[in-house]
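> Need the 3D shape of this:
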Amino acid sequence: AVLDRYQLDWPAPASPIGGPSYDLEPLANRLTCAKWWRRLVRVAQARAVGQLARTRQQVAKYRQAYVDDWNLERCRAANLRNHETLSQTVATNQDGQEYTLAELAAVGVSNLTNRRHELMTRIRGFEEVATGRGHVGEFWTFTTASRWHRMRWLSKAKKAVPVAGWNESTPREANQHLGQLWARIRAEFAREGVRVYGFRVVEPHHDGTPHWHLLVFLHPDDRRLARKACRRHLLSDNGGERGAWRYRFDAKRINPGKGTASGYIAKYIAKNIDGAGLNLQDDDSGLAMADGAERVRAWAATWGIRQFQQIGGPSVTVWRELRRLCSQSEPGLQSDMFGNSAAHAAALAADCGDWAAFVECMGGPLLPRVNRPAAPAYWVQTESIDTETGEVGPGFTAYGDRSKGAVFGVWVRLPGDDERGACLTREHQWEIEHRRPAPPEKPAGRSDDDLVGNRGVPDWVTKMAGIITGQGQGIAARWSCPFGPPEARPLDLCK
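Take a look at the predicted model:
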């Protein structure tokens, strides 16, 4: 009843568990977990505040672009807390090496610069693959119908006005709607034999409503059929409204004579990550590119929207694990790869940062992943062993779901056989420890000199106080008269 009242999703087991007595165990464990409820309520609170700001017409260009200010400040505070926690959490391996999680995160894709560089490398590699195979590039833009938008921008009046037929949907619901349309498009592509590969970028309009940019590569003969399928499905939602034919689906052919496909999409990649290399003003928000990128990241975090997704091609996890393997191994140590020459060539290409060669060595951009020479390998830590049969049971999560495991390397297909061999890429075992910073030292207590005012007082003030009070010379403090001769008697100040 509480979940339905606040429109929260009912939890479901991540994977089926054998036995009728265990079917509801993960559900019950979640419903009785205070941390699970806290996370759920925090997400619901953030989205309720964001939707209220959209309802009150506060999220718009020159107002609070992309996301409301409250959620922006919430994400900033969360990032600071996360960085502080990572800085205080230390990972130690069996060799005694210690690193904070903040240091480890800085060298991975959590670093915005590394994330942007890797995305551009993969996009550039897909473009080289398409050129070598004679495929053409297309840049598509998917936009939702007007009823999914809260505000619209009037360019002549230079102001944002509310949309009369808004269906009170959230950005997350609008993004799910685009995902459903894209699923129908891909289903038609599969029926018609149209194969595409590339990347998808999700970014918000000024009012927070998402739209998609897709950079896809396909055979030249399939371009017209692919465009017709996209337009037909995108216009299936109120396609007769004004401007639907013009704005709902936009397709541009990548002309190598005017520029590369990676150069075309580079602006959208940087705009949605950190705004690096863009000195222009963000047209959608009216802010600087760096400020606009920060609001876009807060928008994606608030509504749980995945910004970038690869379409087709080999697994990027294999790419990262092979790069890790080559960086940790000495030359020739992992050269055999169980005799699989394709996997060996893919490892060398990954080590050189050549995504195009990596894709070709892994079987090309259109080969199903189950048929590729290498796949990610996951380690599932067991928790139960049958003492009678010796059978090892699967590991489970804290809620009772069957554990998916952690990546430990790559599976390499053995030549001429369906068996696979494991290449270990994570040789160290890490122990995580949270170390709180040492409490600040308490200031020392005040001395007697501090209490009477002697500490830090100039000597002439102390001497003058002693003369006036008669300390050290009895009650009648005596002082030599400066006007008399040296042999004159001392002057009694009390007189």
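
> mind checking the SS state of G421?
Three-state call for G421 (DSSP: H, G, I helix; E, B strand; the rest coil): strand.

> tell me the contacts of T100?
86-91 (CB atoms under 8 Å, 6 or more residues apart in numbering). C-beta here means a position set from N, CA and C on the backbone, and glycine is covered the same way.

> could these be laid out in JSON lines, adding secondary structure and pLDDT?
Below are the contacts of T100 laid out as JSON lines (DSSP: H, G, I helix; E, B strand; the rest coil; pLDDT from 0 to 100):
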{"residue": "L86", "secondary structure": "helix", "pLDDT": "92"}
{"residue": "S87", "secondary structure": "helix", "pLDDT": "92"}
{"residue": "Q88", "secondary structure": "coil", "pLDDT": "92"}
{"residue": "T89", "secondary structure": "strand", "pLDDT": "93"}
{"residue": "V90", "secondary structure": "strand", "pLDDT": "93"}
{"residue": "A91", "secondary structure": "strand", "pLDDT": "92"}
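
> now that we're looking at the residue most central in space within the chain, how far away is H219 from it?
The centroid of the chain falls nearest to S110 when counting by CA atoms, centre = their mean (6.0 Å). S110 sits 37 Å away from H219, going by CB to CB, to the nearest Å.

> repeat for A374
26 Å.

> just to revisit the earlier point, what helix or strand is the residue nearest to the centre of the chain located in?
S110 is located outside every helix and strand, with elements delineated by DSSP states H and E.

> cool, and the one 4 residues further on?
Element membership for N114 (DSSP H and E) is helix 112-133.

> where does the nearest residue to R426 once chain neighbours are set aside fall, helix, sheet strand or coil?
The shortest distance from R426 to any non-neighbouring residue, by CB to CB, 6 or more residues apart in numbering, is to F408 (5.2 Å). Under three-state DSSP, F408 falls in the strand class.

> Low-confidence bits of the stretch 301-450 of the chain, can you list those?
329-336, 380-395, 443-450 (pLDDT under 70).

> Show me the strands in it, by range?
For the stretch 301-450 of the chain, applying DSSP state E, counting those that start in this stretch gives strands covering 308-311, 374-379, 406-413, 420-424, 431-434.

> List the buried residues of the fourth one.
When neighbours are counted by 16 or more other CB atoms under 10 Å, the buried residues of strand 420-424 are found to be 420-421, 423.

> Closest one to F199 out of those residues, please.
Set against F199, the nearest of these by CB to CB is C423 (27.6 Å).

> Any figure for the gap between the closest one and G134?
For C423, the distance to G134 - CB to CB - is 34 Å.

> now R63
R63 is 48 Å from G134, by CB to CB.

> Mind putting the contacts of T100 into JSON lines with neighbour count?
Formatted as JSON lines, those follow (neighbours: other CB atoms under 10 Å):
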{"residue": "L86", "neighbour count": "17"}
{"residue": "S87", "neighbour count": "15"}
{"residue": "Q88", "neighbour count": "15"}
{"residue": "T89", "neighbour count": "16"}
{"residue": "V90", "neighbour count": "18"}
{"residue": "A91", "neighbour count": "16"}
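
> of all the residues you listed, which comes closest to G292?
With CB to CB as the yardstick, the closest approach to G292 among those comes from L86, at 26.0 Å.

> For that closest one, give its distance to R295.
Taking CB to CB, one finds L86 at 23 Å from R295.

> now what about stretch 233-242, what contacts it?
Contacts of stretch 233-242 with the rest of the structure, by CB under 8 Å, 6+ apart, involve 142-147, 177, 181, 184-185, 188, 244-245, 248-249.

> mind redoing it with 6 Å?
Here stretch 233-242 makes contact (CB atoms under 6 Å, 6 or more residues apart in numbering) with 145-146, 181, 184-185, 248-249.

> Return the closest of those residues with respect to G313.
Looking across the contacts of stretch 233-242 and measuring by CB to CB, the closest to G313 is I185, at 18.1 Å.

> Okay, and that closest one sits in which element?
Using DSSP H and E, I185 sits within helix 171-192.

> in that helix, what counts as buried?
Using 16+ other CB under 10 Å as the test for burial, helix 171-192 gives 171-172, 174-175, 177-178, 181-182, 185, 188-189.

> Kindly report the same for stretch 344-355.
344-351, 354-355.

> So what touches the helix or strand that the helix holding N114 is followed by?
Sequence-wise, the next helix or strand downstream of helix 112-133 (DSSP H and E) is strand 136-142. The contact list for strand 136-142, computed with CB under 6 Å, 6+ apart, reads 178, 212-217, 220, 250-252, 254, 261.

> which stretch of helix or strand covers Q51?
According to DSSP H and E, Q51 maps onto helix 34-55.

> what angle do that helix and helix 171-192 make?
In terms of direction (axes from the mean of the first three to the mean of the last three CA atoms, to 10 degrees), helix 34-55 departs from helix 171-192 by 90 degrees.

> what's the distance between helix 34-55 and the middle of its chain?
From the chain centre to the centre of helix 34-55 is a distance of 19 Å (CA atoms, centre = their mean, to the nearest Å).

> And what about R152, helix, strand or coil?
Classification of R152 by three-state DSSP places it in strand.

> residues contacting it?
V163 are the contacts of R152 under CB under 6 Å, 6+ apart.

> Pull up the gap between it and D207, please.
Counting by CB to CB, the gap from R152 to D207 is 8 Å.

> do the same with R420
Taken as CB to CB, the span from R420 to D207 is 49 Å.

> what do you get for G353?
Distance from G353 to D207, by CB to CB: 39 Å.

> Other residues contacting stretch 247-256?
Stretch 247-256 is contacted from outside by 137, 139-141, 143, 227, 230-231, 234-235, 261, using CB under 6 Å, 6+ apart.

> Could you pull out the helices in the stretch 151-300 of the chain for me?
171-192, 223-234, 244-247, 261-271, 289-303 (DSSP state H, counting those that start in this stretch).

> in the second one, what's buried?
Residues of helix 223-234 classed as buried: 223, 225-226, 229-231, 233-234 (neighbour count, 16+ other CB under 10 Å).

> Can you redo these as a markdown table, where the extra columns are pLDDT and distance to L119?
Listed next are these as a markdown table, based on pLDDT from 0 to 100; distance: CB to CB, whole Å:
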| residue | pLDDT | distance to L119 |
| --- | --- | --- |
| R223 | 95 | 25 |
| L225 | 96 | 28 |
| A226 | 96 | 23 |
| A229 | 96 | 27 |
| C230 | 96 | 23 |
| R231 | 96 | 28 |
| H233 | 96 | 27 |
| L234 | 95 | 25 |
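
> Return the member of those residues nearest to T317.
So of the buried residues of helix 223-234, ranked by how close each gets to T317 (CB to CB), first place is A226, at 28.1 Å.

> what sits against the closest one?
Here A226 is in contact with V194 (CB under 6 Å, 6+ apart).

> and the gap between it and T144?
Applying CB to CB to A226 and T144 gives a distance of 20 Å.

> ditto for E441
Taken as CB to CB, the span from E441 to T144 is 59 Å.

> Likewise for R63?
Counting by CB to CB - R63 and T144 are separated by 21 Å.

> These two: which is more packed in?
When R63 and T144 are compared for neighbours, T144 comes out ahead with 24 against 18, by other CB atoms under 10 Å.

> How about the secondary structure of that one?
coil.

> What does the pLDDT read for it?
The confidence metric pLDDT takes the value 95 at T144.

> quick one: contacts for it?
With contact set as CB under 6 Å, 6+ apart, T144 has these partners: A174.

> Point out where the stretch 1-150 of the chain drops to low pLDDT.
Short version for the stretch 1-150 of the chain, where the test is pLDDT under 70: 1-3, 6-23.
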